[in-house]
Structures are given as structure tokens and as C-alpha cells.
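Engineer: how does the following fold in three dimensions:
(chains A and B)
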Amino acid sequence: MEYEIQNGLKLILAATILLIASGLPACFFGRKSMFAQRLTTAFIVLGSLVGWWGLVAASFGTPVSSIVWDWHLPAGHFSIGLDALGAVFLIPVFTIPMLGSFYGLSYWRQSEHPENGRGLGLLYGLLAGGMALVVLSRDSILFLIAWELMAMAAFFLAGAEDEKAEVRRAGWIYLVATHAGTVCLLALFCLLRQVSGGFTLSAVDAGSLTSGIATTLFVLTIIGFGFKAGLMPLHVWLPGAHANAPSHVSAVMSGVMLKMGIYGILRILTLLPVTEVWNGEVVLAVGAVTGLLGIIFAIAQNDIKRLMAYSSIENIGIITMGIGLALIGRALHRTDFILLGLGGALLHVWNHSLFKSLLFLNAGTIMHVLHTREMNRMGGLAKTMPVTAGLFLLGAVAICGLPPLNGFASEWLIYLGLYHSVDAGSGSIWTVGVATVALAAIGALALACFVKIYSTVFLGTARAPVHGQPRDPSPLMRYPMLLLAGGCIVLGILPQLGFPLLQNAVAQWMEPTDPAVPLLLSVAPFQWISGMAMVFIVLVVGGTMLLRRKIVRQAPEPMGTWGCGYAQPTERMQYTATSFVEMLVSLFRWVLFPRIRRPAISATFPAKADFSTEVPDPVLERVILPAFRQAGRNMMKLRLLQQGRIQIYLLYILSIVLFLLYWEQWGF
Amino acid sequence: MINLLIHFVLMLAMPPLLLGVINKTKALFAGRKGPPLLQSYYDLIKLARKDMVISQTTTWIFVAAPVITLVGILMAGCLVPLGPFHAPVSFTGDLILFAYLFAVGRFFTTAAALDTGSPFEGMGAAREVTFACLSEPALFFALLVLAKMSGTLMLGDLLHAPLMVSGQGDPASLVLVAIGMFILLLAENSRIPVDDPNTHLELTMIHEVMVLDHSGPLLGLILYGASIKLFVLGAVLLHILFPFQSGSALLDWGLFIVEMLGLAVGVGVVESIMARLQMRHVPYLLIAAILFCAFGFVLLVR
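Structural biologist: Numbering: from 1, shown residues only, chains lettered A, B, ... in the order given. Just a heads-up that it's a prediction; the model follows:
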């Protein structure tokens, strides 16, 4: 058994190396060579399949295994390991980039993008490999190297079309945000080294922590990884970067990379000793706020990819709520909270990676046809692109958390966990009660949001002239989406398939002293929902078929829509993406601050006028940017030190090194 | 077994009668004779026989939506116990499925409305999803109070909680939750003061305007589904309003039917003595529902 799991870890390491190096061979071929792109894709697919093989091989062994090699860096080791928590996160890492690169073969053809095709392939593999290494590493130095590998690969990928000013701006904001997070992580790992005595990521002894240090570690973890995950208000980089990246890159960024922030939080919290109840309450509250604001901001967007980026923030919020509940459970020794909260959060990690990637790839298809991201210029695509419409609808229903698809499964676990807390008999019931209602509001808002996006893009009639004939994408783009959709259905009806792995992952948060851990399926009897889901599907399909037959037999005359007697409706009279959510936007104008420019109507017969609305990110526009501008003005005084001569800078470095040596020698 | 059968028979056959009772009550208040009690049944039979008019703008969503909505409501109805009897399906966590089955219907009803490309239907869909964002939290708050009271997560046991705790429980929080749930019942079923099913101006409708283009059997499915929704949510409310049990099954079924008809009369009275709210005031009413349930929660766990 021990042999097998080592083998599994070695296979996964090989997969990681394959992914990281997947783009290198292509660099020896021409800029426009499609063969080069196919080669890169082949390596990514091969790497991912080897990774899956490794996961399967490892799953038959004991849950923990590791490899430690020395290296020639001054600190740390090359130390990697695999456990159930890591395996949960490796599954999307070995799935989504594989499908995305396949999609890219047709979506981002190297022959059409000679300027960045090879680079994109190289970085795509680097991003996937970097993420795998993040999950594997058991040493802070290696972790930070992998983390930066991932972050920088994502930066260059998001900036693929850097000839556009908008893309460059989004890239810079991302770069600043990711490094602000890394600074917190540096501080976190230094502090961890202080208390544990080494760079190895190992469990911290509760005795070595004062409550001050424990709190600092907790806060640094949440902020440092929160930047990557997109917790409010650290999300500012996310909408721009996701909207401007090529769609198969957005799919990986949103579907997998954000989850690395979640993974980091979980990994560090696993190492830290049991926290206090308030820690869990804070995380639960942060999750609820992130979820609510994320979906409210999403509703107000009219750019299809920005909207989906904000919806990713909402889903991260739901995942965070599950984690918060599990933390409360850890402090109160309630295994059912941990089981349902963390189990739901991890299941949602899988689910979100499936349906959000599906939606982003679909968005790519739409942009390929319409050459715009503006939803107010779309409409009626369901008739010309039925397959895309069907796949998008599936993703939309899944992401709203509606049965019988997978979003419901994970939200159900989290709801159940929250409802379990009503008998907690502790102070947490307030937080948990409010969180339950927040989750309900998030669900209803998500429904509004995705009805808006599906209906304005696919239903009704086109709101702007379409150039050329829209049609469903080529099989290369279609198959990856079909696979993702299949995943949404399977995990929606039979999430029990994943329960054993989740159970193992969750067990890492239990204390040996905790009461015996029940099976996830016994606390959350999902077999009932599976049954109900199947009955639901059968009844719906049967009923629709019967109606269909009646319609075919009746053969109704072709008719237009009845406009309450108005005989000449035009496509411009339809509700648009903006008008559909006008009530909601005005209901939430106190957080959204919409910019509405109304024309002043003066004469009896006013001239033609323009009306425009726009909802920029309130946190970015109202807090971060003004703060940075102010900081920039204050920093001008430091220009005195900025001479622009390299010799002077070397002098600075020398004097600081001398100062530090002096400090080390004599102290102060 | 017999009880199970009665559950299904009542759930499938009784709902249109409720609409008849409501309309009769309203007619009495207005000094009219009103349509016959069984008018809704006649309407449904007539609609089932008719042909359909289907706009060329629409896709399969337009046809599937009424089916999905009806199936969702029926399955939600299987989770709710009628009176003191057991629900046909009951398991831990079914209360969440209950709420989300309605949401599936909402997704497809609003999508089907937008499918027609008609501005009026878009208007109704926008209102529906907006108001749902306020009524959904209220529903979950109410369920939270009942879950706390009963200590169970099965909708069946949870709704029987007022029956168990009456006398020694918290009648105050039950009263507050009942008010909140009654507002929800009116809002979710598009009754006055939130929506007026009989208004003549499309601009002021919510639910009726979303289904303007549905005709024949499709419209029949929608109307039938809406009446079952009234029945199911009414059954939920009755558990809180009248937590009584006689002990004899026959008497209990009779009691349940009388209570349900009484609820329909109550809705009719509300519709007769109130005007509908301005559209911009509807959110306040729904927020009031949330607050009622929230105060119920506060009273319970203080």
C-alpha cells in the first residue's frame, strides 16, 4: 500500500513537470504553426491524464505521503506531499486546463494569433503546473515559488491582448493586488517559521502560540489568500482581469486559480491549532458579505464576462461561508458543522470549477460570433446556436443552485450545516441565523442575475445587427463544454460519488478527542434528492414531449408575439439587460453607486438625446484608486531619494546591509 | 396508505376550488353574484381542449416552462404534510429542496416571459425576480424559526412543531411568523396587495403579464400550477395558524378542508378590503415580512 501511494505522488509530480514544460517544445516551431499548438495541447492533456492516473493510484493508499529532497537554495527543501485535501483541489487542476487548452485549439488558433500564440501555450501549461505545485508543496519556500509561478503566469495570460489600454490597466491592478497578497504571505510564513522553527509546513503546537500571535496568523492567512480568492473588499483585481483575458484563460482563472486562495486558507488553518469561535464567525460573515455584494455587483453589469467574474466572487463567498461554519464547528467540537460546512465548501469548489468554466467557454463562443461583450447588443442566439444555448442554460441553472444540477448539491450541504446550528446553544446562533438568510438572498439574487444573462443573450430577438451567420462552434470547442456539462449533471444527481474523498478531506479538521465522525451520507441523506431529481427530470421531459406532440399535430400558424395590441413591435422595444435589473439596481443603489446620465428635457419637442448608465466597481473607484492617488501625492516627497543613478541605488543597498549587520552584531 | 391517497387527491383536485371561493367572497363584498364556485374547473377544461398560439420568436423554453413550473410545485407539494398527517416524502433537509423547487419554476417562468421578446412580459419578469429577492429570505427566516422550535430539519416534523409545543412553546414568535408567512402567501401567489390577478392594465401586473403569450393547454398548466401553489403554501401556513388535532383521521381531514376553505375566504376578504400597493411600495411590504420573521427569531433565541 505504501508503495502505491508513493507511486501516485511520483506520477503526480511527473504530471506537474509535464504541465510546466508543456509549452517548451512548441517554441522551436514557427509562430503560426498549428502543429506547435497541437503539440502543446497534447502535452497538457498527457500531463493531466498522468495526474489523474496518479490520483487514482494514490486513492488506494494511506491518505498522507511525501517526498523530501534537498536543494541548493539557502533555505527550505523540495518537499511535496499529497493528502485528501490536496487531492480535492488537484482534481480541477488536472481537468479544467486540459479542457481549456483543447478549446483553445479552435478558439485561439495560433495561425490567427502569431503574436502571442506560442507564449499563451507556454504560460497556460505553466499556470496549470504552478497550481499543481502549490497544492503539492509542503515547504514555505517551495510554496511561495509555486505561488509566484502561478500568479505571474496568470498575469501574462490575462495580458495576452496587451495592445489594448483596458487590458493593460486590468493587468496592472492584478499585479498590484497579487503582490499585496504575497507580502502578507511572506509575513505569514516568517511568523510560522518563528513558531514552528522551520520552513516545513507542519502542524503548529498550540502551546507555542500566544493568543496575539494566533490572531495575527489567522488574519494574515485570510488577507493574504483572500486577495487571490477574491474576498470582499480584496476582489478589485478580479473583474477586470477575468473580463479581459481570453475566455479559455478566464475559465481556468475563475474555475481553478481562485480556488488556490481557498486551498491556501484551508491548508494553513489545518496546520494551526483549533481556533476560537469568533474566528469562524468572522470568516462566516466575510463569506456572507462577499457572496451578497458579489452577486449584487454582478447583477448590475452589462459586460457578459465582467458579470461572470463578479458571480465568481459570489461563489467564493458561498465557499467561505462553508469554511466559516466548519471553523465554528472546530471550536465547539461539533463534527456535524465541520462535516457539512467543509464538505459543502469543498463540493462547491468542484461544482464552481465545472459550471463557471462551462459558462466562460460559452461566453468565448458568443464573443467569437458577435465580437462584443456588451449584453445589450445581443439577443435571440438560441435559434441559430441551439447547442450553445442549451449548454449555457445548463450552466446557468447549475450556478443558481437549482435542483437537479450540481450547484444545489453543495449549497444544500451548506444550508443543512447552517440549519444544524439552531441547536448549538452557543452565541453563534445569531451569526449563523443571519448567514442562513444571507445565503437565501444570494440564491434569489443569483437567479435574477442568470435569468438576465441567459434571456438577454439567447432569447427574444437580436438587439443589434449581427454580421454573418451565427452558428454553433466547431466540435473542438463543443466537446470540452459537453464534458463540463456532463460533470454538472452527474455531480447534481449523484454527488455521493465524491463523498468518500470529501469525508477523508474533512477528517483532517477533526480532533482525535471529537466524537465519532458520522458518514456524510448519513447526516445529509442525498439519496432522497437523487431520487426526487430523477422523478423531476422524467416528469418534465415526459410532459414537454406530450405537449410537443400536441403542438406538432395542431401545426399552429406562424404568429408574432402579442404586444397587447401593438401591431409593429421592434427588437428595440424588448427589455434589455439594463432594464431587466433596473429595479434591483435602484434597490441596491446605496452599495452600487450607479452612474446614470439622463438627458435634460427642456423644450416641448425635445431633440434626440442620450441616456447612459454604468456601474463601475465601487470599492475600486471610490476607495482604492483615491487612496492610491493620495499615497502617490504624499510619496512625491520621497523623490528626493530617487536619483535615477544605479550607483546611488547600490549605495543604498550597501548602507542597508551594513545597518542590518550592525543590528545583528550589537542589537539595539 | 389511505391518508397518502387523500393527500394526492386533495392536492390535485382541491386547488381550483380555492380560486372559486376567493372570487365568490370578493363578489359578495362587492354585492355581485359572482362566477360559480367551480368556474376555475370549467376554465381549465376549456383551456385543455383549445389549440395553442405560439409566437415565432420563442424557443422550446416557452413550451417547457409551464411543465417545469407545475412539476416543481407538485413535488414541493409532496414534501408538505396536510393537517396532522405525514407528508408522502420526508427526509432531513427537505425544507431547502422545498424552497428551491419553487425557484426552479421561477427561473423558467421568467425566462419564458423574456423568450417572447415582448416588453410587457419583460416588465413582469423583472418584477418577479426582484420581489423574490426579498420573499426568499423571509421564507428561510420563517423556516429557521420553526427549525429552532422543533429541533428538526424535516419539513414534516418541523411544520408539526406548533402542534407539539402549543401551550409551552413561544406563541408570540409563532404569531409573528404567521403574519410574515401570510404576507409571503399573498406575494408568492400574486394576490392583492402585491399583485392583482384581475386588473385590466398590463403595465401594473406581475404574474399575469408574464404569461400573456401562453394560450390553450399551456395557459391551463400555468393557472393550475398557480392554484396548487396557493394550496401548498396555504397548507404550510395552516400548520402555524391552527395547530389543532382531533385524534380521529376522518375528522382531521374534514377540519383541514374547512381550514383551507377558511383561508381562501380570508384571502378574499383581504382582497376586498384592501387596494393594491403602488409597485414601488411592494418591497416595503416584503421587507416587513422579513422583519416579522426576524422578530420571531429574536423572541425565540433571546
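
Engineer: drop to CA atoms for contacts and neighbour counts, all remaining ones
Structural biologist: Will do.

Engineer: count the residues that sit near the closest residue to chain A within the stretch 1-150 of chain B.
Structural biologist: Nearest residue of the stretch 1-150 of chain B to chain A (CA to the nearest CA) works out as B:G117 at 4.2 Å. Counted with other CA atoms under 10 Å in any protein chain shown, residues neighbouring B:G117 total 33.

Engineer: okay, now the residue lying closest to it once chain neighbours are set aside: neighbour count?
Structural biologist: Closest residue to B:G117 apart from its sequence neighbours, by CA to CA, 6 or more residues apart in numbering or on different chains: A:G460 at 4.2 Å. Using other CA under 10 Å, A:G460 has 31 other residues around it.

Engineer: where does the residue nearest to the spatial centre of chain B land on pLDDT?
Structural biologist: The residue lying closest to the centre of chain B (CA atoms, centre = their mean) is B:L230, at 3.2 Å. Listed pLDDT for B:L230 reads 95.

Engineer: might one say that it is in contact with B:P15?
Structural biologist: Yes: counting by CA atoms under 8 Å, B:P15 is a contact partner of B:L230 at 7.3 Å.

Engineer: just the CA atoms of the helix or strand where A:T216 lies, as PDB, please.
Structural biologist: Per DSSP states H and E, A:T216 falls inside helix A:211-229. Provided in PDB are the C-alpha atoms of helix A:211-229 (Å, rounded to 0.1, in the frame of the first residue of the first chain):
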ATOM      1  CA  SER A 211      -3.300  34.500  21.500                       C
ATOM      2  CA  GLY A 212      -1.800  37.600  19.900                       C
ATOM      3  CA  ILE A 213       0.300  35.500  17.500                       C
ATOM      4  CA  ALA A 214      -2.600  33.100  16.800                       C
ATOM      5  CA  THR A 215      -4.800  36.100  15.900                       C
ATOM      6  CA  THR A 216      -2.100  37.600  13.700                       C
ATOM      7  CA  LEU A 217      -1.500  34.300  11.900                       C
ATOM      8  CA  PHE A 218      -5.300  33.900  11.300                       C
ATOM      9  CA  VAL A 219      -5.700  37.500  10.000                       C
ATOM     10  CA  LEU A 220      -2.600  37.200   7.700                       C
ATOM     11  CA  THR A 221      -3.900  33.900   6.300                       C
ATOM     12  CA  ILE A 222      -7.300  35.400   5.500                       C
ATOM     13  CA  ILE A 223      -6.000  38.600   3.900                       C
ATOM     14  CA  GLY A 224      -3.000  37.000   2.100                       C
ATOM     15  CA  PHE A 225      -5.000  34.300   0.500                       C
ATOM     16  CA  GLY A 226      -8.100  36.400   0.400                       C
ATOM     17  CA  PHE A 227      -6.500  38.600  -2.300                       C
ATOM     18  CA  LYS A 228      -6.200  35.500  -4.600                       C
ATOM     19  CA  ALA A 229      -9.600  34.100  -3.800                       C
END
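
Engineer: relative to the whole chain's centre, how far out is it?
Structural biologist: The chain centroid and the centroid of helix A:211-229 are separated by 20 Å, computed with CA atoms, centre = their mean, to the nearest Å.

Engineer: could I get the buried residue list for it?
Structural biologist: Neighbour-count burial for helix A:211-229, counted by 16 or more other CA atoms under 10 Å in any protein chain shown, picks out A:214, A:217-218, A:220-229.

Engineer: kindly report the same for stretch A:538-550.
Structural biologist: Quick answer for stretch A:538-550 (16+ other CA under 10 Å): A:539-540, A:543-544, A:547.

Engineer: who touches that stretch?
Structural biologist: With contact meaning CA atoms under 8 Å, 6 or more residues apart in numbering or on different chains, stretch A:538-550 is reached by B:63-64, B:67-68, B:71.

Engineer: alright, calling it a day.
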